[in-house]
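[1] sequence plus predicted model, see below.
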Amino acid sequence: MQAESMVSDHELTIPTCAKDVTAQWLNRVLAPHLAGARVLGAKACPFSEPGQTADVVEIWLDYDSASCVLPDRMIAKLAASDPATRDMCKIYGHFEKEVSFYQNFAGDDLPIARCFHTQFDPETHDAIILLEHLAPSYSPSYAISVEQVRTAFQQVARMHARWWNDGFLKQDPAIVQLDDIDRWRTVASGVVAAIDTVRSLVGSQCEASVEVMTLYEQRLEDLVQFWQTRPFTLSHADFHGKQMFFPNDEGKGKFALIDFQYPLAGPGVFDVSRLLNLGLAADQRTASQTQLIDGYLEALAANGVENYGSDDFLIDHKLGTMTTQIINFIAVNQTDPEFMAKECAEYGLDWKDVWLLRGEAMLRELEVADFLRAI
């Protein structure tokens, strides 16, 4: 399960922008894969769609051997150059955890993009993750279809089953732990700090969410204890359309997940909750969620998970819906809203609906505030 290439952070300068990704640098980090071939040239350009927490560079490579098995296109994910985004990533350890994740989980049978190299500097928080380019697969982003959600649930159920209650997850430093009380206190501070921003944006339309966020902070220690009673697995924890790729209309390409910045040892249902939240408008979700959830549970069982049914799902779904809205509150407070608005507008969507109001509706439907009081 080790990453395919690891070079000490002290051996190489970590690229901080596209011009730093040179043929010389690539020859050094790709040496374990080149089998005697060389990179003759490389063109590196900032990706046309910037990442929300990272700077993304697209790379075209030219090799001196036609027999070289490496792809001629790759993606380099760099620590964000934007100071506010970088500060947020430092607080939550996004890149430190993602680099560690790819070092420990690459090469398994998980639906994860192939990783060729990782580096992280704990002093500067510079980082790079060199990944396969997934074209001709494509990301539907916020325009994900119900059928694609169904496929994503089938795929993530396979991943969840693979790591169901596996003790390795409790020991790996790449994985966020539900008993990490200090981390969750930091999250609680972040979400409470976001309340005024949310109210300034949508007025009183998210008061159920505000109530849940307040209860989360107040009941945190009881909640952390309760979490320890739940089944756990490898959860992506930010499972939505921008983080996944699908085969194109001609069936070319593959399904793959990206952006493991805070993988979690926790209920797999958290991934289901997040995609139902960010992936589907309220009317789509209402019409399709029963079949989608049943399909997820059937896929879990088909992959060997026993004694996990609809009652267990509902408990974890309430907590997962809370967790996804926590992420949304913090993201809205710490990301330029014009960036969110532009991204969503490209798909004819209102960003406030996507990032706030859908989660509000789910929290109300599931009566999450009452559930938290009862823990």
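    Everything's here; your move. Numbers count the residues shown, from 1 in each chain.

[2] tell me where the stretch 1-150 of the chain has strands.
    In the stretch 1-150 of the chain, the strands defined using DSSP state E, counting those that start in this stretch lie at 39-46, 54-63, 73-79, 115-120, 127-132.

[3] to Lys90, which of the ones you listed lies closest?
    Across the strands of the stretch 1-150 of the chain, Lys90 has its closest neighbour in strand 73-79 (9.2 Å, C-beta to C-beta). C-beta here means a position set from N, CA and C on the backbone, and glycine is covered the same way.

[4] so Val224 sits right up against Ile181, yeah?
    Yes: the criterion here is C-beta atoms under 8 Å, and Val224 meets it with Ile181 at 5.6 Å.

[5] tell me which of those two has more neighbours.
    Per other C-beta atoms under 10 Å, whichever of Val224 and Ile181 has more neighbours is Val224, with 17 against 13.

[6] for the more buried one, give its distance to Glu132.
    Noted for Val224: a distance of 37 Å to Glu132, by C-beta to C-beta, to the nearest Å.

[7] what's next to the helix or strand hosting Leu292, contact-wise?
    Assessed by DSSP states H and E, Leu292 sits inside helix 282-302. Contact partners of helix 282-302, identified using C-beta atoms under 8 Å, 6 or more residues apart in numbering, comprise 146, 149-150, 153-154, 156-158, 160-161, 268, 272, 276, 280, 308-310, 313, 317, 358, 361-362.

[8] quick check, central residue of this structure?
    Centroid check for the chain by C-alpha atoms, centre = their mean gives Asp238 as the closest residue, at 3.5 Å.

[9] tell me the pLDDT at it?
    We have a pLDDT of 95 for Asp238.

[10] also the one 10 residues further on?
    The per-residue pLDDT reported for Asn248 equals 95.

[11] and what of Leu110?
    So Leu110 comes in at 80 (pLDDT).

[12] is it true that it touches Ala161?
    No: when contacts are counted by C-beta under 8 Å, Leu110 is not listed as touching Ala161 (11.1 Å).

[13] in the stretch 251-375 of the chain, which spans are helices?
    In the stretch 251-375 of the chain, the helices defined using DSSP state H, counting those that start in this stretch lie at 269-279, 282-302, 310-334, 337-345, 351-352, 358-366, 368-374.

[14] for Thr186, which of those helices is the nearest?
    Nearest to Thr186, of the helices of the stretch 251-375 of the chain and by C-beta to C-beta, is helix 310-334 at 10.1 Å.

[15] just list what that closest one packs against, helices and strands only.
    helix 83-92, helix 181-193, helix 195-202, helix 207-218, helix 269-279, helix 282-302, helix 358-366, helix 368-374 (3 or more C-beta pairs under 8 Å, 6 or more residues apart in numbering; DSSP states H and E).

[16] out of those helices, the one nearest Thr323 is which?
    Among the helices and strands packed on helix 310-334, the nearest to Thr323 by C-beta to C-beta is helix 269-279 (5.6 Å).

[17] break this structure into its domains for me.
    Split into domains by automatic domain parsing, the chain comes to 18-132, 141-374.
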